[in-house]
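Chemist: Fold the following, please.
(4 chains)
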There are 4 protein chains.
Amino acid sequence: MIVAMQERASEEQVQQVSMRLFSMGFEVHRSADNRQVVLGVVGEHQTVDLADIESLPGVQKVHSVGSNYKLVSREFRPEGTVITLKGLAIGADEVVVMAGPCSVESREQLFTVAEAVAQAGARCLRGGAFKPRTSPYSFQGLREPALKMLHEAGDRFGLLTVSEVMEISQIPVMLPYIDILQIGSRNMQNFDLLRALGKVRKPVLLKRGIAATIEELLLAAEYLMAGGNYELILCERGIRTFETSTRNTLDISAVPVVKKLSHLPIIVDPSHGTGSREKVAPMARAAVAAGADGLIIEVHDCPDKALSDGAQSLYPQQFSELMDELQPITAAIRRKLA
Amino acid sequence: MIVAMQERASEEQVQQVSMRLFSMGFEVHRSADNRQVVLGVVGEHQTVDLADIESLPGVQKVHSVGSNYKLVSREFRPEGTVITLKGLAIGADEVVVMAGPCSVESREQLFTVAEAVAQAGARCLRGGAFKPRTSPYSFQGLREPALKMLHEAGDRFGLLTVSEVMEISQIPVMLPYIDILQIGSRNMQNFDLLRALGKVRKPVLLKRGIAATIEELLLAAEYLMAGGNYELILCERGIRTFETSTRNTLDISAVPVVKKLSHLPIIVDPSHGTGSREKVAPMARAAVAAGADGLIIEVHDCPDKALSDGAQSLYPQQFSELMDELQPITAAIRRKLA
Amino acid sequence: MIVAMQERASEEQVQQVSMRLFSMGFEVHRSADNRQVVLGVVGEHQTVDLADIESLPGVQKVHSVGSNYKLVSREFRPEGTVITLKGLAIGADEVVVMAGPCSVESREQLFTVAEAVAQAGARCLRGGAFKPRTSPYSFQGLREPALKMLHEAGDRFGLLTVSEVMEISQIPVMLPYIDILQIGSRNMQNFDLLRALGKVRKPVLLKRGIAATIEELLLAAEYLMAGGNYELILCERGIRTFETSTRNTLDISAVPVVKKLSHLPIIVDPSHGTGSREKVAPMARAAVAAGADGLIIEVHDCPDKALSDGAQSLYPQQFSELMDELQPITAAIRRKLA
Amino acid sequence: MIVAMQERASEEQVQQVSMRLFSMGFEVHRSADNRQVVLGVVGEHQTVDLADIESLPGVQKVHSVGSNYKLVSREFRPEGTVITLKGLAIGADEVVVMAGPCSVESREQLFTVAEAVAQAGARCLRGGAFKPRTSPYSFQGLREPALKMLHEAGDRFGLLTVSEVMEISQIPVMLPYIDILQIGSRNMQNFDLLRALGKVRKPVLLKRGIAATIEELLLAAEYLMAGGNYELILCERGIRTFETSTRNTLDISAVPVVKKLSHLPIIVDPSHGTGSREKVAPMARAAVAAGADGLIIEVHDCPDKALSDGAQSLYPQQFSELMDELQPITAAIRRKLA
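Modeler: The predicted structure is shown next:
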C-alpha cells in the first residue's frame, strides 16, 4: 500500500498517519520529494479498508499496490488451472461448449434438446431448475424433478450437467444430479452462498455480475478459493452500459484480461450477453477467437414456446451450424473443440 | 403494446404476427402509412416477454405502451402513500431522518450513537445485525443480539428501528425487534426475498441496486405490493457509473422521477452513495432540497475504529450540525423535519 | 410516432395534444382500451423533438416508431454498401486491414512500418498527421509533411491511406494525399465537420464516440449521407463503462447490431478499444469472427519510443503473426483477407 | 509515480525498468517486501504516458501518485478563486444564477426573457448564438446578430452575458459582446479550442463532457490555465449512465468533489442535466444545497414554441418561483443569492 500525503500536509499529520499504520501492524517507509511525502506501507492489507486510511487528515490518496487477490492470481499457478471431470478438461487446449434450454420445462423438451446439442458437439448440458423471475406470475422452474431429468439426459447423451444454485438450501438437493454448480450473476457477491460453495467438492461456474468489474469477479472467486474450492470456472455474460441496442454489453475483452491476471478458465455466455438469437452466433465466434475456454449457450427445440428467454435461444439447427463455424476458428488459434 | 413492422415486412409476415398475438389473447388493431405497418395491441402484456414478439420475422420493434407496473404507479394512489408507524409519518410533509452505525458492534457503541442521533433529531435508528462482507475474514455482524440491542436502544431513546434482512430465514428473527425491514441493494431483485416480505405486515425499505434503473426499482416494489405489502419506502443509494472519484454516483434526480411516477415515499442514503464522510452532508442537503421524504445516514461514535464503513460514517457532532442545516432547507420547500 | 396518454388524462388533454399534433402537420389516429388513450401519429417526425410532445399535459410517453434514419438503414440498400477504391472493396467478402503508426513521426519510421504492414497483408496505411493531445506539452503531429509522407509510402507499398481530419480547415490540405478521411471519436457529433465532409467525394471513416450509442453513430452517418456522401465506413473503437481494466470496453456486439440495422460497412479498432498491446490480437480476432468488415490497428517499429500511444501499438512481428491467425478465421466465416 | 513490479518479475526486469525510468530523467527508489519489488519514482511525470511504463516486461501496475494537475488544484490556491466581473463575484459567498433561452431566436423573445429573469434575480443572461444540431434541418442559430442582442439585453437589464463558443473562428466575433465564453460539453476536450481560449482575457465557463470524469474536467481546466487564463468556472451538466428516465444523470456529487480538489468555482446546469422542465427546480435546489457556486438555467417565454430544447425550459413564472425557493436554501448554508 502506498499512502500519498497532500502537498500541504503538516509534519504532524504525516506522523499521525504513520503511527496509525504502525499500530495496525504495518511497516512504514517514508520518502519525499519537494512536493509531497509518500509512505510506502508493507504488510498484509487485505483486511484493511483503504477508505479508512484515506479519510485520515492530510492523506491525499491511498494506492493498493499488489493485487488484492492471491489464490486466483496467475502468479499463484502460472501454468493455468485445468478442471478435469469425467474425461472432460476445462481450461486446457479444448474449447468446451455447454448448451441447453434456459429452463427445464419437460422431460420431452429436455431430451430433445440434449440429444441435439450432444450430436452437434456440446459436452455439457445446461438447464435451469430454479428460476428467479421478475414477475410473480411467471414460470418458477420445475425444481428437483428438473435436476433428475438433467442427470438422466446427461447420462443418456454423454453430457456433463450444469445448473444454477440460487440459495444455500438448494445445494444438497443439487449435488446428486449436477456436475457443475453455477452461481448466477445476481449472486456473484452473495457471500453466504460463496462461502457455502467454497466447501463443496464440485466445480463451480461463477458468472460475472452485470455491474461487477473484472477485479470484483476475481475477488469473488478468491472468496470461493479461500473457502477451499479450487475448481472454478469464470463466466463473462455482459455488463450494463448506456448502450440499449443489446440487453447487455458483452465484454469480450474480459477474456484476455482474465487470462493475464488469473489462472482460472473463463467461458462466455453470448445468450444472456446479447439477449437476441441473431447475435448469439457472431458473439460466440468472437469469444472463441478471443481465447475463451468455452461457451454456454441457450438452445431450445421450440424457442417460440419457451417459458423463459425464448428470444435468445438458438434453434437446434442454428446451434449445429454455429458448432461447424467454431471448428476452424479454434484451429486458427491452435485449439480444438472438446 | 405497439408492434412496428419492418418497412419491408411482407403481408404474410404481418398476418403471422397478428395471428400470434391474437392467439395469445390480444386484440390487434392495424394501421399503416406509406412506409410501414404498425399494430396496436390491446390486452394485458405484463406476462409476455416483449423480446419474444420482437424476434418474430418482419418485426422491427415492440414498444410497451403504458407502464409495466400498476400498484406502485402514481395513478393508483394520486395522493401519495403515507406510512404511519408509532406516531411517525413517512411520506407526509415531514422529512424523516434515520441514522445509526453501519453495524451494531456493541451495546455501548449502539447506545452512545442512538442517544446522540435522537438528541439531534433523528427518528429512526439504523444498524446492521447481519453483514455481508467481501472478505471471509471481516466482521460478519452480531446477529440476533444486535437486533435485541436495536430494539432496546429504540425504546430507550424513542426511535423506530430499521435493519437489513439478507435472507428469508432472518425474517422471523427480526420481526419482534425491528420496525422497518430493509432490503439491501444487492437483494433488490432477489425475488424469493421479495415474495417473502410481500407477506409481512411491517414496512419495508427497498434500496435501489447499483445497476438498477428506476423502472426496475419500481418493478421490484410492484412485486412486493403484488404480494400484499403496501407499506414500502424506496431508497436511492447510488449507481455505478464510469466516475471513480466517488464510490457510486448518487442519482438525486431519482427523487423527482419517483415522485412523478409513483405514490411511494423515497428517501436517500448519502453515506453509501458517496462513500466518504465529507460528502455526506452536502449530498444529504441536496437530497432534501430535491424533495426526498427522508434520509438514512451512517453515524458512528468512533468512525476510526468502526468495524465496517468507518470512512463514510459521520461523527455525532457532524450529524448534529447537518440536522441544523437541514431545518431551514425543509422550511424552504414548505416541509419540516419529523 | 405513438403518443401514450396518462391513464388519468382528461378528454380535454387528449384533444389538446391531438390538435397540437395536427397543427404540426401530422395525421392522428386515436385508439383506447379501458385503461388509456393511445394516439397513432402519422407523418415525418424527424424534425420534431419528442421531448416537446412528451412535456404536454396528460402525455405519459412518446414512442418513436420507425427508425430515425433512412439513408443509413439496411432497408434503404438491403444488399449492403461496397466501397471500391483503387481495386480494394470495403464491405464485400474481403476483410480489409488498415495498419500503421498512431502518429507519423518521421519518414523513416513511416516507411519502415508501411513496408512491414504491406508485407504482412495490410491494404491501407493509417497514420496521424494532426494529433489532439491532452497535454499542451505533447507532440502535436507533423501536419502537412506527414500527409505527403503517407501518400508516398502508400504509393511505394501499394497501400491506400487513411488519416484523421480534425477540423474543416484541414480538409483541402488532406484531399490530395489521403484516400479515406477519418472522423475521430471526439468529433462524431461535430456537425459542422460532418456537414463539410458530406460534400467531399472521398470515403469517410466515422468512429463511434466513447459515449455514443449505436443509434447515435447511425444518426451521425445519416447526417453525412444527407449531405451527399454515401461512401461511409463505420468504426467501433470502445465505449466508456465502469470497467477500468481496459481503457475502454470494446463493444464487439456493435458489429452484428450495425449489420442488421444498416447497409454500411463496419470495422473495428482494437488498439484504441483496449489500450494495451497484449489485448489487440485477441480482440482483433474476435472482431473478425463477429463479422467485422475490417480492422484498423496501430503498428510501430519501435513502440517504446513512439511519441503517442506506444503502449497499444503492435510490433511489426506481432502484426504479422496476427495476420496469419486472421486468415483461417476469415475462412471459417466464408470470407477472406483482402 | 509508483511502479509495482510483478511478484514473479526477475531481477533483470527490475533493472531494465529502473534504467528506463532513469534515462527518462527520473530518480528511482527501490523497496521490496517478501512478495514484490516496488519502485518509487520521483520527478515530473505529467508528460509521460503511464501505459508505456506499464507495458514494460515485469511491471504489474503503475500508480500516479500526486495529482496530474497543479494549477487547478486546491493546494495551488487554498482560499479559492473568486472571479469578479462588473460588480459580480463568482466563487464567493454569493450564489450566481445565469438564465435565458437555449437559443436566441428573436429580439423580442430575448428581451422578454431577459427582463423576466433579471426581475427574478438572475445576474447573467445565457443564450446560444451558434447551435450544434443533430439534424441538418434544424435551426442553426442566429449567429452574430444574436450576440449583439445578448449584449444589448444585458446592458438594458443589468445582466452579464454568457454564450457558447463552438470553434476558434467564433472567438473574435464574440469578444465584443459576451462577458463569459462557454465551452460546451462536446468541446471539453477540444484542445485546439482550449488552447485558443487560454489566451483570451475573459472568463471561461467549462462544461463537463457527458463521458468525462471529474479528473478529466480538471485536466481540461489545467490546459486552459496552463495557457494563461485563470478565470475559469466549471459546470456540471450530467453524465451518461445506464439510467434512461432522465436524459443524463446529473452528478451533484461533482460539487463537493470539485470543491475539495480544486479552487475553481463550480456551477450546475439542471436543464441539460435532466432534460425535462419538471425536474429542473428540484435539481436546481439540490445543486445549491450541495454547495454549487451558481446555476445556469434555461428559461423561455414560450417553451412550446422554442426552436430548441423547449421541453427543458422553464416558464418565466416557474423560474421566479424557483428563485424564491433558493433564497432560504442559500441562507441555510450561510450563503446568499448574488
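Chemist: Which positions in stretch A:168-180 come out as buried?
Modeler: Neighbour-count burial for stretch A:168-180, counted by 16 or more other CB atoms under 10 Å in any protein chain shown, picks out A:170, A:171, A:174, A:177, A:178, A:179, A:180. Where you see a C-beta, it was placed from the backbone N, CA and C, and this is true even at glycine.
Chemist: can you confirm residue A:48 is in a helix?
Modeler: No. Checked against DSSP: H, G, I helix; E, B strand; the rest coil, residue A:48 lies outside a helix; its state is coil.
Chemist: Excluding chain neighbours, what is closest to it?
Modeler: If you skip the residues right next to it in sequence, residue A:48 has residue A:24 as its closest partner in space, 6.7 Å away by CB to CB, 6 or more residues apart in numbering or on different chains.
Chemist: How about residue A:91?
Modeler: Closest residue to residue A:91 apart from its sequence neighbours, by CB to CB, 6+ apart: residue A:265 at 3.4 Å.
Chemist: count of residues packed around that neighbour?
Modeler: A count of nearby residues for residue A:265, using other CB atoms under 10 Å in any protein chain shown, gives 26.
Chemist: Residues contacting the helix or strand where residue A:154 lies, please?
Modeler: Under DSSP states H and E, the secondary-structure element containing residue A:154 is helix A:144-157. Taking CB atoms under 8 Å, 6 or more residues apart in numbering or on different chains as the criterion, the residues outside helix A:144-157 that touch it are A:103-104, A:107, A:110-111, A:114-115, A:118, A:125, A:127-129, A:142, A:159-161, A:163, A:173-174, A:176-179.
Chemist: how close does the residue nearest to residue A:91 get to residue D:78?
Modeler: As defined by CB to CB, to the nearest Å, residue A:265 lies at a distance of 53 Å from residue D:78.
Chemist: Same question for residue A:308.
Modeler: Using CB to CB, residue A:308 is found at 59 Å from residue D:78.
Chemist: Who has more neighbours out of the two?
Modeler: Summary of the neighbour comparison: residue A:308 and residue D:78, criterion other CB under 10 Å, with residue A:308 having more neighbours (21 against 9).
Chemist: three-state assignment of that one?
Modeler: At residue A:308, secondary structure determined by three-state DSSP is coil.
Chemist: Can you list the low-confidence ranges for chain A?
Modeler: A:33-34, A:44-47, A:66-67, A:132-140, A:307 (pLDDT under 70).
Chemist: now the helices for it?
Modeler: With DSSP state H as the criterion, chain A has helices at A:11-23, A:50-54, A:107-120, A:144-157, A:171-174, A:191-198, A:214-226, A:254-261, A:270-274, A:277-290, A:316-332.
Chemist: Could you dump these into a markdown table and include distance to residue A:243?
Modeler: Converted to a markdown table, the helices of chain A look like this (distance: least, CB to CB, whole Å):
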| stretch | distance to residue A:243 |
| --- | --- |
| helix A:11-23 | 42 |
| helix A:50-54 | 31 |
| helix A:107-120 | 30 |
| helix A:144-157 | 34 |
| helix A:171-174 | 35 |
| helix A:191-198 | 30 |
| helix A:214-226 | 18 |
| helix A:254-261 | 16 |
| helix A:270-274 | 11 |
| helix A:277-290 | 13 |
| helix A:316-332 | 24 |
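Chemist: Out of the ones you listed, flag the one nearest residue D:250.
Modeler: Evaluated over those, closeness to residue D:250 peaks at helix A:50-54, with 24.5 Å, by CB to CB.
Chemist: Give me the packing partners of the closest one, helices and strands only.
Modeler: If you count contacts as 3 or more CB pairs under 8 Å, 6 or more residues apart in numbering or on different chains; DSSP states H and E, helix A:50-54 packs onto helix A:11-23, strand A:59-63.
Chemist: now for the last one, which elements pack on it?
Modeler: With contacts taken as 3+ CB pairs under 8 Å, 6+ apart, strand A:59-63 sits against strand A:2-5, helix A:50-54.
Chemist: Repeat that for the longest one.
Modeler: Helices and strands touching helix A:11-23, by 3+ CB pairs under 8 Å, 6+ apart, are strand A:2-5, strand A:27-32, strand A:37-42, helix A:50-54.
Chemist: before we move on, back to that, just the buried ones from the contacts of helix A:144-157, in PyMOL syntax?
Modeler: Selection command for PyMOL covering only the buried members of these, criterion 16+ other CB under 10 Å:
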select buried, chain A and resi 103+104+110+111+114+115+118+125+127+128+129+142+159+160+161+163+174+177+178+179
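Chemist: Could you count how many residues lie near the nearest residue to residue A:43 once chain neighbours are set aside?
Modeler: Nearest non-adjacent residue to residue A:43, counting by CB to CB, 6+ apart: residue A:26, 4.0 Å away. Neighbouring residues of residue A:26 were enumerated by other CB under 10 Å; the total is 21.
Chemist: Is it correct that residue A:26 is in contact with residue A:53?
Modeler: No. Shown here, residue A:26 and residue A:53 do not form a contact pair, counting by CB atoms under 8 Å, at 9.9 Å.
Chemist: Are there residues contacting both of those two? Which ones?
Modeler: By the contact definition CB under 8 Å, 6+ apart, residue A:26 and residue A:53 are jointly contacted by residue A:1.
Chemist: okay, now the domains of chain A?
Modeler: Chain A breaks down by automatic domain parsing into domains covering A:2-63, A:74-337.
Chemist: now, of those, which is deepest in the fold?
Modeler: Per-residue neighbour counts averaged over each of the domains of chain A give the maximum for domain A:74-337, namely a mean of 21 (mean count of other CB atoms under 10 Å in any protein chain shown).
Chemist: Contact residues of the stretch 151-300 of chain A facing chain B?
Modeler: Counting by CB under 8 Å from any CB of the partner chain, the stretch 151-300 of chain A comes close to chain B at A:166-167, A:186, A:189-192, A:195, A:209-211, A:219, A:223, A:226-227, A:240, A:247, A:275-277.
Chemist: With that, I have no additional questions.
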